[in-house]
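J.: please find the sequence and the predicted model below.
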Amino acid sequence: MTPDQEGPATPSGADKFDDEHYPAYTMGRAADMLGTSQGFLRSLDEAGLITPQRSAGGHRRYTRHQLRLATRVRELVDQGTAIDAACRIVVLENQLHEAQRLNAELRADD
């Protein structure tokens, strides 16, 4: 499982506000929210951590889930970690979290 795995089909109407996988944020808005450059977001795409959806005009659109991943990478980069290494750390953290969730679920079934 990759951290940027898409969720269920895109909801309609007010449900979009609650869907963390709805691509609601433009690249400019996402960069502003993260306090980073648009180039940083492009580098996460190039590293394969996040793949933003594209609008009809070809503009990148980011989800809240993707912004959380980008925030974690930025924290690691700010601490001196290379961006490729930070992306790998985030992937491994997400894999560990998923394994722990599944383990807890299996234990609850016993």
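T.: Nice, I can see it.

J.: let me know the secondary structure of the closest residue to Gln66 other than its chain neighbours.
T.: Nearest non-adjacent residue to Gln66, counting by CB to CB, 6 or more residues apart in numbering: Ile50, 4.4 Å away. Bear in mind the C-beta positions are built from the backbone N, C-alpha and C, glycine included. Of the three states, Ile50 takes coil under DSSP: H, G, I helix; E, B strand; the rest coil.

J.: next, count neighbours for Ile50.
T.: Using other CB atoms under 10 Å, Ile50 is surrounded by 23 other residues.

J.: any idea how far it lies from Glu105?
T.: 26 Å (CB to CB, to the nearest Å).

J.: could you give the mean pLDDT of the helix ranked longest in the chain?
T.: Longest helix of the chain, by residue count under DSSP state H: helix 83-109. Average pLDDT, helix 83-109: 95.

J.: isn't the residue nearest to Gln66 right next to Leu44, touching?
T.: Yes. Using CB atoms under 8 Å, Ile50 makes contact with Leu44 at a distance of 5.0 Å.

J.: mind listing the shared neighbours of the two?
T.: Leu69, Ala70 (CB atoms under 8 Å, 6 or more residues apart in numbering).

J.: pLDDT value on Gln79, please?
T.: 98.

J.: same thing with Met1?
T.: pLDDT, read off for Met1, is 40.

J.: the one 5 residues further on too?
T.: According to the model's per-residue confidence, Glu6 sits at a pLDDT of 47.
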